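K.L.:
Sequence and predicted structure below; questions after.
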Amino acid sequence: MLGGVAVVASLMVIGQRNPIHSVLLLIASFGGLSGLYILLDAPFVAVIQIIIYAGAIMVLFLFVVMLLNVAREDTEQDERVHVQVHRGSMRLGAVLAGLLVVELVWALASAGTLGGTFGPMAGLPAPVTSVHVIGQVLFTRYAFPFEVTSILILVAMVGAVVLARRETPRPAAGADAAGGSEERPAF
Amino acid sequence: MVTLNQYLLLSAVLFAIGALGVFVRRNLITILLSIEIMLNAVNLTFVAAGRAFGTADGQIIVFFVMTVAAAEAAVGLAIIIALFRHRESLDPDAFTSLKW
Amino acid sequence: MTPILIAQIVLLLFVFFMLLNSAAIMVYVERKVAAMLQQRLGPYLVGPRGLLQPFADVLKLMFKEDLRPTAADAFLFSLAPIISVTAAFAAFAVVPFGAETTFFGLLSHPIPLQVADVNVAVLVIFAIASMGVYGIVLAGWSSNSKYSLLGGLRSSAQMISYELSYGLALAAVLLIGNSLSLTHVVNGQAGYWFHVIPRWYVFVQPVGFAIFMIAGIAETNRAPFDFPEAEQELVAGYHTEYSSMRFAMFFMAEYINMVTVSAVAVDLFLGGWHGPFLPASLGWIWFLVKVGALLFFYVWMRWTLPRYRYDQLMAFGWKILLPIAALNLLATAAGVIHFGA
């Protein structure tokens, strides 16, 4: 049922005209996914999903949507100008996505039962749920990717600030109203 | 939702929805959102597989994927802001000519 | 319906009811304390010593006309205060406020005085605080007025900036507490050093406590960090266009957030429900006393300190508080490795 929530919300995300509604629906979809993670015995990932994805990344999206003041997609205006290109490419896109689903389902079916059934009663290896174990594995086996990820985030932050900067030169002293990777033009 | 296959199927469907969004939508921000949907579908696959094999690796990879997704969303949005300032439009078709 | 389930449902309703009351009590306390600090009387007309003032306020708010700007996005406009209030209540659901108790032997085995006993309680609180930002952002946007939009964006930018320092201070105290479950952290603070000084983590982590409280004040948008809702600057910021019950909901959400931050600080730093002279089953009295002290501190700060300007506020959060929190975390980690405790 939670999966149903995730799918429905995602479908509505791509179907909505107003980008703010899209963002909110995506947050709902993430909530559904977080519930699924809890069912999969991964409480840490579930909470992290809410904190990072629904809590931070989507706020960033909302900020940008509000700043750019995107009211709605101008599909009516577009249709008057690029009618043929518009509809043709949409149909092609839908066909490609459908093909993707078919292919993935076929791959799953031909691989047979991978791991079989699982649930609290099944004889699977015991699930690893505690944050303690995750921390241990993360900082020993995956220590190098962890450090590289921190450099990645630093680069992304610097890149985002530089890319979103206005072109007019600013006085050197007044450049700190920006917070981290978001640049608010008129504050 | 009992079998691993069902989770993988759900993940495939979500991924396809994200891909559909990228193909079909005419708004840069919505395209980025669809990319996030795809990344989430992949996260679901990792967590489900990690659970099926009983290791913590699935959850750790998800941790890294989320971090990369955050970095990519930030940079992508910064690019969109820069593009918007230049053309006042969020339609990908407005940027088809190489002239800045 | 086993007795334990009944007890848990009763506990849930009790907590909900008490949170609602706490918002009302805070209204009164704030005005009386403000009056004391400003050497005047405060509310004294309604009821003995003005004690019925919160009821008068609630009645007034309920009877006010419920306005909605026509250009506002109706769904989001109604949704925003709901999100704020829901997040505020939900965060308190994982905060334990008393030792395990059997309610005078009525239950077969003890349950903790907490609505939901989650292993990752600290992370859940953090996650719900992140969701609370949406209430404000959506309120600002959906009101479709420039004051609201600016106030909403500024307020939410402030909240997410101070969440970082909040999280780092939390991480430092978790290194010492050794668990993500608040019940374990509180139980680690039982007992005394030298029979006199209680083993509260505030003595081990004074800097962490200070950072946590400052970040908490900024998170709940209270003075001196309440620029986004300052009357002199932005009319009323993100809740300019709201009236009557919707405004009451934002108001309530703010007070309940304050209570939650204080309760978490008490659990993490001030020993939760442990205290002298009382048996463990009455520990919630100590909890209330400590939370009350922190709330008094909150109100005191509001009416004593001048307000930070927005760019000063952001500069403080990013350039001063965040490095201090990070250094605190490093020092704590070094201390834990060295002393092995």
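P.N.:
That came in fine, so what should we check first?
K.L.:
List the contacts of the residue of chain A found nearest chain C.
P.N.:
Closest approach between chain A and chain C, counting by CB to the nearest CB: A:G55, at 2.8 Å. The C-beta positions use only the backbone N, C-alpha and C, and glycine is treated the same way. When contacts are counted by CB atoms under 8 Å, 6 or more residues apart in numbering or on different chains, A:G55 is found next to C:127, C:130-131, C:133.
K.L.:
which of those residues lies closest to chain A?
P.N.:
Lowest distance from chain A to those (CB to the nearest CB) belongs to C:S130, with 2.8 Å.
K.L.:
Burial check on the closest one, number of neighbours?
P.N.:
Residues contacting C:S130 under the criterion other CB atoms under 10 Å in any protein chain shown number 23.
K.L.:
contacting residues around it?
P.N.:
Contacts for C:S130 (CB under 8 Å, 6+ apart) come out as A:50-51, A:54-56, A:59, C:160, C:163.
K.L.:
A:A46 now?
P.N.:
A:34-35, A:37-38.
K.L.:
Who are the packing partners of the biggest helix by length in chain C?
P.N.:
If you go by DSSP state H, chain C has its longest helix at helix C:3-37. Secondary-structure packing of helix C:3-37 (3 or more CB pairs under 8 Å, 6 or more residues apart in numbering or on different chains; DSSP states H and E): helix C:53-63, helix C:74-92, helix C:244-269, helix C:283-304.
K.L.:
in the shortest one, what's buried?
P.N.:
Going back to what we said before, that points to helix C:53-63. Across helix C:53-63, burial judged by 16 or more other CB atoms under 10 Å in any protein chain shown covers C:53-54, C:57-58, C:61.
K.L.:
what residues does that helix touch?
P.N.:
C:24-25, C:27-28, C:31, C:43, C:46-47, C:244-245, C:247-248.
K.L.:
how about low-confidence regions in chain B?
P.N.:
Low-confidence segments of chain B (pLDDT under 70): B:1-3, B:99-100.
K.L.:
hmm, try it at 80
P.N.:
Within chain B, the ranges that satisfy pLDDT under 80 run B:1-9, B:24-26, B:51-57, B:87-100.
K.L.:
Helices of that one, residue ranges please.
P.N.:
Remark: helices assigned in chain B by DSSP H are B:4-24, B:28-53, B:57-87.
K.L.:
next one: chain A
P.N.:
Along chain A, counting by DSSP H, helices occupy A:2-15, A:19-39, A:43-48, A:58-68, A:75-81, A:83-110, A:131-140, A:143-163.
K.L.:
Any idea which of those helices has the lowest pLDDT on average?
P.N.:
Of all the helices of chain A, the minimum mean pLDDT falls on helix A:75-81 (a mean of 44).
K.L.:
Tell me the pLDDT of the spatially closest residue to C:L20 that is not a sequence neighbour.
P.N.:
Excluding the flanking residues, the one nearest C:L20 by CB to CB, 6 or more residues apart in numbering or on different chains is C:M252, at 7.5 Å. On pLDDT, C:M252 comes in at 84.
K.L.:
Please name the residues that touch C:M252.
P.N.:
By CB under 8 Å, 6+ apart, C:M252 lies in contact with C:20, C:23, C:85, C:88.
K.L.:
Verify the contact between B:L8 and B:V47 for me.
P.N.:
No - if you go by CB atoms under 8 Å, B:L8 and B:V47 don't touch, sitting 11.2 Å apart.
K.L.:
Skipping adjacent residues, who's closest to residue 37 in space?
P.N.:
As the question left the chain open, I've gone with chain A. Nearest to A:Y37 is A:A46, by CB to CB, 6+ apart, at 3.9 Å.
K.L.:
try chain C instead
P.N.:
Nearest to C:L37 is C:W303, by CB to CB, 6+ apart, at 4.8 Å.
K.L.:
Quickly note the distance from the one you found to C:A248.
P.N.:
Look at C:W303 and C:A248: by CB to CB, to the nearest Å, they are 22 Å apart.
K.L.:
Give me the more crowded residue out of these two.
P.N.:
C:A248 (20 against 14).
K.L.:
Next up, the contacts around that one.
P.N.:
Going by CB under 8 Å, 6+ apart, C:A248 touches C:58, C:61-62.
K.L.:
and of those, the nearest to C:V185?
P.N.:
Distances from C:V185 to those, taken as CB to CB, are shortest for C:V58 (35.6 Å).
K.L.:
any idea which helix or strand of chain C has the worst average confidence?
P.N.:
Ranked by mean pLDDT, DSSP states H and E, the weakest helix or strand in chain C is helix C:231-234, scoring a mean of 53.
K.L.:
still on that earlier bit, which of the helices of chain A has the highest mean neighbour count?
P.N.:
helix A:43-48 (a mean of 24; mean count of other CB atoms under 10 Å in any protein chain shown).
K.L.:
could you turn it into PDB, dropping everything but the C-alphas?
P.N.:
In PDB, the C-alpha atoms belonging to helix A:43-48 read as follows (Å, rounded to 0.1, in the frame of the first residue of the first chain):
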ATOM      1  CA  PRO A  43      15.100   2.600  10.100                       C
ATOM      2  CA  PHE A  44      18.200   4.600   9.800                       C
ATOM      3  CA  VAL A  45      17.800   5.000   6.000                       C
ATOM      4  CA  ALA A  46      14.200   5.800   6.500                       C
ATOM      5  CA  VAL A  47      14.900   8.700   8.800                       C
ATOM      6  CA  ILE A  48      17.900   9.900   6.700                       C
END
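K.L.:
got the contact list for the residue nearest to C:A326 when sequence neighbours are not counted?
P.N.:
Closest residue to C:A326 apart from its sequence neighbours, by CB to CB, 6+ apart: C:L168 at 5.9 Å. Neighbour list for C:L168: C:211, C:322, C:325-326, C:328-329 [criterion: CB under 8 Å, 6+ apart].
K.L.:
Pick out whichever of the residues you listed sits closest to B:M38.
P.N.:
Once CB to CB is applied, the member of the contacts of C:L168 that ends up nearest B:M38 is C:L322, at 32.3 Å.
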